[in-house]
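>>> fold the following, please.
(one chain, ligands or ions: 2)
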Amino acid sequence: MAGDVGDGYARKGTTNPSEQHEGTIQHPLKDSAESSSGGQFAPLLIALVGLPARGKTAIAHSLARYLCWIGHSAKVFSVSDYRRKWTEQYDNHDFFCPNNEEAMELRKKCALEAMRDASNWIMSQHGEVAIIDGTNSTRSRRQCLYNKFHEQMNCAVLFVESIIDDENILAKNMEETRRNSPDYKEMSREKALNDFQLRIKHYLNLFETISYKHEGHYSCIKIKNAGDDISAHRLIGHLQSRILYFLSSYQPTPKTMYFSRVSVCFLYYRFGSICLMLKAKFLAGISTSVNKTHSSYLTRSQYFRAVVHVI
Ligand SMILES: Nc1ncnc2c1ncn2[C@@H]1O[C@H](COP(=O)(O)OP(=O)(O)O)[C@@H](O)[C@H]1O
Ligand SMILES: O=P(O)(O)OC[C@H]1O[C@@](CO)(OP(=O)(O)O)[C@@H](O)[C@@H]1O
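Ligands and ions are numbered 1, 2, ... in the order given. I've put the predicted structure just below:
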């Protein structure tokens with residue numbers, strides 16, 4: 001159906017992405033036999049799947065960093081960014097209630113926009129791996145993604161679902177989302193956690209995990225409880241295997257990075273190598289000292305004490 005974003009929705013607006021791409025679209029790489037069948041050299045669309053607080057955004061960005069690192073152009077299209085573009089400051093969980101028709105329309109519009117931008121990026125900028133970061137929580141939404149990117153554009157499509165049923169991991173993730181999400185920056189901790197719980201409850205009414213019975217033709221990776229378990233289904237080609245390899249060893253632990261500014265004085269010009277040696281020693285000293293004494297975040301004064309200790 002033209003403009004159908006899944007969930008039985010046909011968009012009425014004028015910038016309907018599927019209107020821009022009537023029929024089959026040819027990617028610049030399509031001439032190769034591999035790409036024409038959505039094979040291993042075709043552009044790849046990765047769609048994250050999962051309830052809120054399942055690590056989708058973190059996975060999407062880590063994957064994009066990894067793919068760029070190994071030489072592929074990769075870009076994340078985050079549905080929540082589109083939502084924030086169209087809405088005022090987030091009010092409360094009612095926005096995610098399936099009975100909230102106005103919000104449902106807007107959410108579908110955002111999903112369509114993310115798809116449109118991802119496909120434009122693939123087509124006009126020769127993007128190789130577009131990653132759609134959204135809940136993609138129903139079978140029909142996934143069908144819509146598949147129709148657009150595989151059937152119409154001949155891209156390979158890979159779904160990556162993150163599942164968490166471990167209460168401790170979930171509680172930790174919810175706390176982190178509460179702390180970092182722009183949605184909750186104006187809310188007290190208690191109110192935000194409560195709201196987030198209700199938001200997840202709304203999703204639970206409609207959410208459908210990827211079912212191999214009904215969706216067995218998709219390429220799919222499922223990650224359970226932050227990597228305790230990982231399974232793959234119908235992966236195609238080298239790139240998807242590398243993605244599986246990356247995700248199998250991916251550990252979502254928070255990392256802290258310390259930056260230190262070291263100035264090189266005029267003596268550098270006269271005693272260059274000695275200065276460089278001192279600089280290296282200084283940096284190594286800071287990191288050893290910091291690692292020895294602090295396993296997590298440092299306060300400003302702890303940091304300066306560590307620096308003074310090294311000097
Ligand atoms: N593979 C993973 N499984 C579970 N949790 C993860 C994973 N990767 C990251 N996380 C953690 O999940 C929390 C929420 O992450 P986020 O990416 O914002 O979730 P979502 O996009 O699903 O709402 C973060 O604390 C993040 O460190
Ligand atoms: O297609 P929908 O379900 O609206 O998904 C996008 C939504 O996912 C949410 C759900 O909480 O974030 P996220 O990707 O971080 O999990 C919302 O921020 C965002 O608007």
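
>>> quick check, the helix or strand hosting residue 105 touching ligand 1?
Using DSSP states H and E, residue 105 maps to helix 101-124. No: on the criterion C-beta under 6 Å from any ligand atom, helix 101-124 is out of touch with ligand 1, staying 13.6 Å away. Where C-beta positions appear, they are placed from N, C-alpha and C, glycine not excepted.

>>> helix 101-124 and the next helix or strand after that helix, what's the angle between them?
Next helix or strand after helix 101-124 toward the C-terminus (DSSP H and E): strand 129-133. Angle, strand 129-133 to helix 101-124, by axes from the mean of the first three to the mean of the last three C-alpha atoms, to 10 degrees: 170 degrees.

>>> what are the contacting residues of strand 129-133?
Strand 129-133 is contacted by residues 43-48, 56-57, 60, 63-64, 67, 72-80, 114-115, 118-119, 121-122, 145, 239 when judged by C-beta atoms under 8 Å, 6 or more residues apart in numbering.

>>> could you give the number of residues near the closest residue to residue 132 other than its chain neighbours?
Nearest non-adjacent residue to residue 132, counting by C-beta to C-beta, 6 or more residues apart in numbering: residue 47, 4.7 Å away. For residue 47, the neighbour count with other C-beta atoms under 10 Å is 28.

>>> mind checking the SS state of residue 47?
Of the three states, residue 47 takes strand under DSSP: H, G, I helix; E, B strand; the rest coil.

>>> you'd agree it is up against residue 135?
No: contact between residue 47 and residue 135 fails when scored by C-beta atoms under 8 Å: they sit 10.1 Å apart.

>>> contact residues of this protein facing ligand 2?
Looking at ligand 2, the residues of the chain close enough under C-beta under 6 Å from any ligand atom are 52, 56-57, 79-80, 83, 107, 111, 133-135, 137, 199.

>>> of all those, which comes closest to residue 163?
Nearest to residue 163 among the residues of the chain next to ligand 2: residue 56, at 11.0 Å, using C-beta to C-beta.

>>> how near is the closest one to residue 193?
19 Å (C-beta to C-beta, to the nearest Å).

>>> can you check residue 162 too?
20 Å.

>>> which residues of the protein fall in strands?
Ranges of strands in the chain, per DSSP state E, are 44-49, 74-78, 129-133, 156-163, 219-224, 229-233.

>>> a markdown table for those strands, including distance to residue 179?
As requested, these are arranged in a markdown table below (distance: least, C-beta to C-beta, whole Å):
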| stretch | distance to residue 179 |
| --- | --- |
| strand 44-49 | 21 |
| strand 74-78 | 18 |
| strand 129-133 | 19 |
| strand 156-163 | 19 |
| strand 219-224 | 22 |
| strand 229-233 | 27 |
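
>>> isn't residue 121 right up against residue 127?
Yes: taking C-beta under 8 Å as the definition, residue 121 is a contact partner of residue 127 at 4.3 Å.

>>> ok, what's across the strand from residue 156?
Beta-bridge partners for residue 156, by DSSP bridges, are residue 44.

>>> quick one, grab the pLDDT at it.
Per-residue confidence (pLDDT) for residue 156: 97.

>>> what about it, how many neighbours?
25.

>>> ok, now residue 223?
That count, for residue 223 with other C-beta under 10 Å as the rule, works out to 23.

>>> same question for residue 215.
Using other C-beta under 10 Å, residue 215 is surrounded by 17 other residues.
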